[in-house]
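*Asks:* Build me a structure from this.
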Amino acid sequence: ALERLGRPEALAHAALARLKDPSPWTILHHLRLELFFGTKPLPEVLEEAEPFLPHPFPGVRMLAGHTLALTHLFRGSPRRAKNLLRGLLPLLEPLSLANFLVLGALALDPPEVRLLLEGAKAFLPREGWPWGFYLLARGLGEGDEAHLLAAHGLLREEGALYALLAEARLKALGVEVEAPLAPGLAPALRPEARALLLGEAGTPLLRFLGGGPLPSLGPRGTEALALLLAREAGLSGEALGEALYGEPNPGALKALLHRLREKGFRISCAPYRLENPPPSDLRAFLRALSRGDLEEALALYQGPLLPWSQAPGVEELRLELEEALRQAVLAQGDTENLFLLAERL
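*Replies:* As a prediction, this is how the structure comes out:
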């Protein structure tokens with residue numbers, strides 16, 4: 001109950017249960033709460049949880065896999081989490097599906113997430129935390145405001161830690177929730193958990209690479225946000241208008257930027273520049289590329305930038321990103337990264 005409410009006291013109860021009755025269940029439960037509230041180094045969590053992955057009982061394997069995938073996400077290794085989840089997907093049973101939906105939405109490729117959600121929808125009761133996890137996974141995958149708000153309402157008292165994910169994504173979309181949980185829950189979280197759940201430290205929340213329009217912003221709003229995210233130094237009104245419409249079009253641009261500002265995005269003028277860029281796969285990809293972290297860049301590059309868009313500036317940026325990634329990987333020459341590049345392109 002304390003865990004579902006997001007209370008740090010849950011860790012002490014889990015540690016006591018492990019001490020009194022050490023078993024795969026109590027050990028793994030304790031390790032999972034260490035990830036949220038403890039100080040145990042993440043490599044040690046991996047070392048303790050991994051021996052349970054080949055356990056003869058499916059439930060233990062699922063709990064171990066969940067703990068390990070979460071640890072990889074907290075360590076900033078979405079590719080390792082993805083590979084682990086892919087191995088577990090064929091073993092999932094209806095009752096264990098809900099627990100993996102959110103992890104899947106954070107680590108798996110969009111087509112895999114859609115298949116996972118389609119499989120879960122038929123089995124989950126449309127109430128309580130299992131349905132809240134389903135709505136949250138959909139909201140995370142699609143950037144849909146309505147699903148995120150509904151998930152937040154269902155999870156705030158039955159899965160409060162995961163409700164923080166909904167809050168962070170909504171905030172990134174310029175939507176504030178009533179009575180937010182973050183001020184009360186965030187201080188007790190360990191830094192890695194805070195970074196993942198609240199979208200801090202560049203944790204990607206909004207998807208532009210291989211993604212569709214963000215429902216709450218619409219096609220033009222999504223295109224404008226992508227261009228402003230990629231051009232940190234800003235764009236002149238003429239350049240932004242031509243990038244979106246093929247011509248300056250100041251009237252349409254002014255109305256579009258007004259709508260974005262109403263959503264909570266602070267956009268300065270002369271040049272137009274995003275003052276509060278939301279965490280996104282696009283910015284995380286560009287930063288990974290700039291520091292030469294090609295493993296992370298390839299993990300984030302799930303497809304071309306907004307492949308549906310025909311805006312001239314987006315098409316130009318799409319080709320620019322693809323070529324930058326191609327040249328970086330070819331220059332490095334790592335075999336595994338070359339294979340991943342071939343998959344992506």
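*Asks:* quick one: P41 from A288, how far?
*Replies:* The gap separating P41 from A288 is 24 Å, by C-beta to C-beta, to the nearest Å. All C-beta atoms are positioned from the backbone trio N, CA, C, and that covers glycine.
*Asks:* typed the wrong thing, it's A324
*Replies:* Computed as C-beta to C-beta, the A324 to A288 distance reads 11 Å.
*Asks:* Comparing these two, which residue is more hemmed in?
*Replies:* The residue with more neighbours, out of A324 and A288, is A288; 22 against 15, by other C-beta atoms under 10 Å.
*Asks:* Only the buried residues of the host helix or strand of the more buried one, if you could.
*Replies:* Using DSSP states H and E, A288 sits in helix 281-290. Of the residues in helix 281-290, 281-286, 288-289 count as buried by neighbour count, 16 or more other C-beta atoms under 10 Å.
*Asks:* State the next helix or strand along the chain beyond that helix.
*Replies:* Downstream of helix 281-290, the first helix or strand assigned by DSSP H and E is helix 294-300.
*Asks:* In three-state terms, how would the closest residue to R114 other than its chain neighbours be classified?
*Replies:* In this structure, R114 finds its nearest non-sequential neighbour in G141, 7.4 Å apart by C-beta to C-beta, 6 or more residues apart in numbering. Secondary structure assignment for G141 (DSSP: H, G, I helix; E, B strand; the rest coil): helix.
*Asks:* Contacts only, for the nearest residue to F265 once chain neighbours are set aside.
*Replies:* Once flanking residues are discounted, F265 sits nearest to G174: 5.8 Å by C-beta to C-beta, 6+ apart. Counting by C-beta atoms under 8 Å, 6 or more residues apart in numbering, G174 touches 216, 260, 262-265.
*Asks:* between those residues, which has the most around it?
*Replies:* Greatest neighbour count in those, by other C-beta under 10 Å, goes to F265: 22 neighbours.
*Asks:* Before we go further, that one is sitting in a strand, right?
*Replies:* No. For F265, which was evaluated using three-state DSSP, the result is coil, with no strand membership.
*Asks:* quick check, nearest of the buried residues of helix 281-290 to A224?
*Replies:* Distance to A224, by C-beta to C-beta, is smallest for L282 among the buried residues of helix 281-290, at 12.8 Å.
*Asks:* Would you list the phi and psi of R190?
*Replies:* Main-chain dihedrals, R190, degrees, to the nearest 10: phi -70, psi 160.
*Asks:* Can you read off the pLDDT for it?
*Replies:* In this model, R190 is scored at 91, pLDDT.
*Asks:* cool, and P215?
*Replies:* For P215, the pLDDT comes out at 76.
*Asks:* ok, now which ones touch it?
*Replies:* Applying C-beta under 8 Å, 6+ apart, the residues near P215 are 142-146.
*Asks:* just L289 next, same as before
*Replies:* So L289 contacts 297, 324-325, 328 (C-beta under 8 Å, 6+ apart).
*Asks:* what do you get for L228?
*Replies:* Listed by C-beta under 8 Å, 6+ apart, the contact set of L228 reads 234-235, 240, 267, 272-274, 277.
*Asks:* State the distance from it to L317.
*Replies:* To L317, L228 is 11 Å away according to C-beta to C-beta.
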